[in-house]
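Asker: Could you work out the structure for the sequence below:
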Amino acid sequence: MTQSPVCIRCGDNYLFTRMYKGNYCPDCHEAWSTAPRSEVPPRPRPQSSRTTSSVDQHDDERAPRLEPPYDDE
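Answerer: Predicted structure coming up:
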């Protein structure tokens, strides 16, 4: 048996529709969606100064050569 969802604002049970499967009952959703936004929009997260390239780097002749981790003997 599937339980009906509960509105996170008023606590009433409601039914999902084909168009809406949110967390608010229809009345609270209407009130929430038509209310003017008074909050400050979130700021983007600052980018890290340490970045990792997603492109493979080709061998550089100046780079030191590493020995294999084991012998072939």
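
Asker: Skipping its backbone neighbours, what lies nearest N13 in space?
Answerer: S4 (4.4 Å; CB to CB, 6 or more residues apart in numbering). Any C-beta I mention is one placed from the backbone N, CA and C, and that applies to glycine too.

Asker: hang on, isn't the one you found packed against Y14?
Answerer: Yes. Checked against CB atoms under 8 Å, the pair S4 and Y14 is within contact range at 6.5 Å.

Asker: more crowded one of these two?
Answerer: In terms of neighbours (other CB atoms under 10 Å), Y14 is the more surrounded of S4 and Y14; the figures are 18 against 9.

Asker: how much space is there between the more buried one and Q47?
Answerer: 41 Å (CB to CB, to the nearest Å).

Asker: any low-confidence regions in this structure?
Answerer: 1-2, 49-64, 72-73 (pLDDT under 70).

Asker: ok, V6 - contacts?
Answerer: Counting by CB atoms under 8 Å, 6 or more residues apart in numbering, V6 makes contact with D12, N13, Y14.

Asker: could you dump the residues you listed to TSV with secondary structure and distance to D27?
Answerer: Formatted as TSV, these follow (DSSP: H, G, I helix; E, B strand; the rest coil; distance: CB to CB, whole Å):
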residue	secondary structure	distance to D27
D12	coil	8
N13	strand	13
Y14	coil	9
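
Asker: Quick one: the helices in the chain, in order.
Answerer: For the chain, the helices defined by DSSP state H occupy 26-34.

Asker: can you give me the strands for it?
Answerer: With DSSP state E as the criterion, the chain has no strands.

Asker: got a list of what I8 touches?
Answerer: N23, Y24.

Asker: Please report how far it lies from F16.
Answerer: Applying CB to CB to I8 and F16 gives a distance of 14 Å.

Asker: same thing with C28?
Answerer: 14 Å.

Asker: So these two - more neighbours on which side?
Answerer: C28 (18 against 11).

Asker: Distance of the residue lying closest to that one once chain neighbours are set aside relative to E30?
Answerer: Counting by CB to CB, 6+ apart, C28 lies nearest to R9, which is 4.1 Å off, once chain neighbours are set aside. Separation of R9 from E30 (CB to CB): 11 Å.
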